[in-house]
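A.B. asks: One predicted model, sequence on top.
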Amino acid sequence: MTITIDLTGRRALVTGAGQGVGRGIAMTLAAAGAEVGVNDLVTDRAGAVAEEIAAAGGAAHEAVFDVTDWDAVQGAVTAHGPYDIVVNNAGNAGRPDTMGMEDLQPFIDQDLAAWSGFVGVNLFGVMHVTRAALPAMIEASGGKIVTIVSDSARTGDANVAAYAAAKAGAAGLMRSVAREVGRHGITANSISLGSINATERPQEVEQEELGRLISRYPIRRRGLPSDVAHLTLFLVSDLSPWLTGQTIPLNGGYSMAL
Ligand SMILES: NC(=O)c1ccc[n+]([C@@H]2O[C@H](COP(=O)([O-])OP(=O)(O)OC[C@H]3O[C@@H](n4cnc5c(N)ncnc54)[C@H](O)[C@@H]3O)[C@@H](O)[C@H]2O)c1
């Protein structure tokens, strides 16, 4: 017996798909046959990934909008949807323009204005996109929602308190949504990531610090976008109809719990 994952005929929206983890997810869902809505805040990034998918023989459309803007989200989902699959990937641990390393500070030192940035994209963004996509999924009696969160939301981590709080909120949202819409054949799960080697940061962590980080991972490397894409593919496929409301750690064994 051969098991294949075929998403032909499904339409998927991947937020923040213009680079890094989201790009990897978008490319993989398209390779499995889905038509992918490539969302990003940055027009050029969304366009480049949509072109890359088309060049590889897949189907994609650009969906440029800011997930923090409810009107923009609703307008785009109405224009480009309906979607059978939503992957809430857009998120950041700091300001998107600078990659925000300067936003990573102890909670007590953090500028209060930075909080709304973290909560805006990592929690409200997920609420907006999920809220906009759900009515069509309910109408269709089926759908798959996956939200990318962070292990910092489960284990806590210094210097990312507001980010971790927003990610924990997003995972909580998935659990409640899963309870509300399971009877419509819709699943909603979160993937909780350890450190992913996805995007070059302007002020990337020092090599020495990186070595120390990797030594704490039983699988001695950082994750790759493909690691995230393959678990996402399983969660949005027909292989996982009874898996819902879960926060699945994907971290090379960095954190383990019952
Ligand atoms: N990279 C890691 O080590 C890591 C670890 C844990 C969790 N995560 C999570 O994984 C996801 C992807 O991370 P990444 O490293 O690929 O990020 P990234 O910063 O490389 O890419 C994020 C993309 O999202 C887009 N984006 C940002 N704000 C947006 C908005 N408001 N609306 C639409 N698009 C927006 C950006 O333009 C960018 O292209 C994020 O949710 C992040 O919090 C990443």
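C.D. replies: Sure thing, it's come through. Numbering: from 1, shown residues only.
A.B. asks: Check which residues of stretch 65-76 are buried.
C.D. replies: In terms of neighbour count (16 or more other CB atoms under 10 Å), stretch 65-76 has its buried residues at 65, 66, 67, 68, 69, 70, 72, 73, 74, 76. Heads up, the C-betas are built off the backbone N, CA and C, glycines and all.
A.B. asks: quick one: terminal-to-terminal distance for it?
C.D. replies: Stretch 65-76 has an end-to-end distance of 7 Å (criterion: CA to CA, to the nearest Å).
A.B. asks: With the ligand in mind, check whether that stretch reaches it.
C.D. replies: Yes. Part of stretch 65-76 sits near the ligand under the criterion CB under 6 Å from any ligand atom, namely 66, 67, 68.
A.B. asks: Which of the buried residues of stretch 65-76 fall in strands?
C.D. replies: Secondary structure from DSSP state E places none of the buried residues of stretch 65-76 in strands.
A.B. asks: Residue 58 and residue 7, how far apart?
C.D. replies: The gap separating residue 58 from residue 7 is 10 Å, by CB to CB, to the nearest Å.
A.B. asks: neighbour-wise, which of those two wins?
C.D. replies: Applying other CB atoms under 10 Å to residue 58 and residue 7 shows that residue 7 carries more neighbours, namely 23 against 20.
A.B. asks: circling back to that earlier point, common neighbours of residue 58 and residue 7, please.
C.D. replies: Counting by CB atoms under 8 Å, 6 or more residues apart in numbering, the contacts common to residue 58 and residue 7 are residue 33.
A.B. asks: Burial check on the closest residue to the ligand within the stretch 51-200 of the chain, number of neighbours?
C.D. replies: In the stretch 51-200 of the chain, the residue that lies nearest the ligand is residue 91 (2.4 Å; CB to the nearest ligand atom). By the measure other CB under 10 Å, the count of residues near residue 91 is 25.
A.B. asks: Which residues of the stretch 1-150 of the chain lie near the ligand?
C.D. replies: Within the stretch 1-150 of the chain, the positions near the ligand by CB under 6 Å from any ligand atom are 15-16, 18-22, 39-42, 45, 66-68, 89-92, 96, 121, 125, 148, 150.
A.B. asks: Narrow the residues you listed to just the buried residues.
C.D. replies: 15-16, 18-22, 39-41, 45, 66-68, 89-92, 96, 121, 125, 148, 150.
A.B. asks: Just the ones of these in strands?
C.D. replies: 39, 40, 148, 150.
A.B. asks: Tell me which of the residues of the stretch 1-150 of the chain next to the ligand fall in helices.
C.D. replies: Of these, the ones assigned to helices by DSSP state H are 20, 21, 22, 45, 125.
A.B. asks: now those residues as JSON lines including distance to residue 141 and pLDDT?
C.D. replies: Listed next are those as JSON lines, based on distance: CB to CB, whole Å; pLDDT from 0 to 100:
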{"residue": "20", "distance to residue 141": "33", "pLDDT": "97"}
{"residue": "21", "distance to residue 141": "30", "pLDDT": "98"}
{"residue": "22", "distance to residue 141": "27", "pLDDT": "98"}
{"residue": "45", "distance to residue 141": "34", "pLDDT": "98"}
{"residue": "125", "distance to residue 141": "26", "pLDDT": "98"}
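A.B. asks: With respect to residue 34, which of these is nearest?
C.D. replies: Looking at these and their distance to residue 34, the nearest is residue 22, at 14.2 Å (CB to CB).
A.B. asks: Low-confidence ranges, the stretch 151-258 of the chain, go.
C.D. replies: Along the stretch 151-258 of the chain, the model assigns pLDDT under 70 to residues 200-205.
A.B. asks: What residues does it have near the ligand?
C.D. replies: 193, 195, 196, 198, 199.
A.B. asks: need the contact list for the residue nearest to residue 238 when sequence neighbours are not counted.
C.D. replies: In space, and not counting its chain neighbours, residue 238 is closest to residue 5: 7.8 Å by CB to CB, 6 or more residues apart in numbering. The contact partners of residue 5, taken as CB under 8 Å, 6+ apart, are 32, 233, 234, 237, 238, 239.
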